[in-house]
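Enquirer: how would this look folded up:
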Amino acid sequence: EDRDRSKGLYFVRYVPPTDKTEPGFFSKLFGSGNVSGQPLTYRIAVVSRDAATWVSVQTAEGSAVNAAQAQRILKVIADDLQ
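Expert: Prediction:
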């Protein structure tokens, strides 16, 4: 989506996977719509330290993302780069 190469920041949009269950009758009538399918913006920080490069996934505001979510996002990026 965007980047700031001088700081090593890349902004990406990610749509989290949804559960494949069909909403029930009353959920369809009184539900608030499809909120789970909305893309979320994340910040990918790339930092070079010594002979290694560290990649971290953060929220758009810069706070940490849980490890499972970060792994899913990085896997999607790695698959797209291949």
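
Enquirer: contacts and neighbour counts: CA atoms only from here.
Expert: Will do.

Enquirer: now the helices for the chain?
Expert: In the chain, the helices defined using DSSP state H lie at 25-30, 67-81.

Enquirer: Distance check, the residue lying closest to Tyr10 once chain neighbours are set aside against Ile44.
Expert: Closest residue to Tyr10 apart from its sequence neighbours, by Cα to Cα, 6 or more residues apart in numbering: Arg3 at 4.2 Å. Distance of Arg3 to Ile44, given as Cα to Cα, to the nearest Å: 9 Å.

Enquirer: Between these two, point out the one with more neighbours.
Expert: For Arg3 versus Ile44, the count of surrounding residues by other Cα atoms under 10 Å is larger for Ile44: 22 against 14.

Enquirer: what bridges to the more buried one?
Expert: According to DSSP bridges, the residues that bridge with Ile44 are Tyr10, Val57.

Enquirer: ok, it - contacts?
Expert: Ile44 is in contact with Leu9, Tyr10, Phe11, Val12, Val55, Ser56, Val57, Gln58, counting by Cα atoms under 8 Å, 6 or more residues apart in numbering.

Enquirer: Go ahead and confirm the last one touches Val65.
Expert: Yes - counting by Cα atoms under 8 Å, Gln58 sits close enough to Val65 to count as a contact (5.3 Å).

Enquirer: Compare those two (neighbour count), which wins?
Expert: For Gln58 and Val65, the more surrounded residue by other Cα under 10 Å is Gln58, and the numbers stand at 20 against 15.

Enquirer: All set, thanks.
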